[in-house]
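Asker: Predicted coordinates and the sequence they were generated for:
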Amino acid sequence: MPTIGSYSIMRDMPHASRALRLLQHVAHLVKPIMRRHGYYIPRLEEFYRQDFLGLTESVVSYRGVKTVTVVKLTLRDHRDPYRFQPIGQIIETFLHELTHQRFGPHDKRFWRQQQIHRDEFAHMYGLPDGWNVQYEDHDGNGRPKYSGRYENWPGWSQVPFLY
Ligand SMILES: [Zn+2]
């Protein structure tokens, strides 16, 4: 069973081939988590929006079964499309969108599951315990309060980076 059906990038944007390699690389790093949970993404797409880092689209059948159709990830800097987001930021967004395979709304169950995926990722790549220390602080819904910039997280320098 494949984990991702197809990839698509924005061909009119600069460095399109690099964008495709980046998208495939990020997916490669996250695939073991997808396999473990039985997640499947028919189409993984690059998109470029000011207001979203990622988006999951799904359809609901007449029986009420939700099926994810597309996951979209912003790969580029919001201000400069020639620059890519830090890979840690993209992976973080990917793990968030994966969590939507199980939970739609951003409720407590959602944030708990997202944290499980973060921990799995950290464990898989040997990231130090402190890498997600900023998630100890949560708001009333269990949503983590972010602090600092993703590229400064201690763990990211240890993630396999070549793409
Ligand atoms: Zn979300």
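Answerer: Perfect, I can see it now. The shown structure was predicted, so the numbers you read here are calculated from the model rather than taken from an experiment. Numbering: from 1, shown residues only.

Asker: in which helix or strand would I find Ala67?
Answerer: Careful, residue 67 is Thr and not Ala. strand 66-74 (DSSP states H and E).

Asker: any idea which helix or strand comes after that strand?
Answerer: Moving toward the C-terminus from strand 66-74, the first helix or strand encountered (DSSP H and E) is helix 87-99.

Asker: Under the pLDDT cut-off, which ranges of this protein? List them.
Answerer: Under the criterion of pLDDT under 70, the regions of the chain flagged as low confidence span 128-163.

Asker: can you give me the strands in it?
Answerer: Secondary structure of the chain (DSSP state E): strands at 4-8, 41-47, 54-60, 66-74.

Asker: Of those, which is nearest Pro14?
Answerer: With Cβ to Cβ as the measure, strand 41-47 is the member of the strands of the chain nearest Pro14 (12.3 Å). C-betas here are computed from N, CA, C, even on glycine.

Asker: could you give the angle of the closest one to strand 66-74?
Answerer: With axes from the mean of the first three to the mean of the last three Cα atoms, to 10 degrees as the basis, strand 41-47 and strand 66-74 are set at 30 degrees to each other.

Asker: And for strand 41-47, what's in contact with it?
Answerer: Identification of contacts with strand 41-47 by Cβ atoms under 8 Å, 6 or more residues apart in numbering yields 3-10, 13, 19, 23, 27, 34, 55, 68-75.

Asker: Give me the buried subset of those.
Answerer: Those of the contacts of strand 41-47 that meet the buried threshold are 3-4, 9-10, 19, 23, 27, 34, 55, 68, 70-75, by 16 or more other Cβ atoms under 10 Å.
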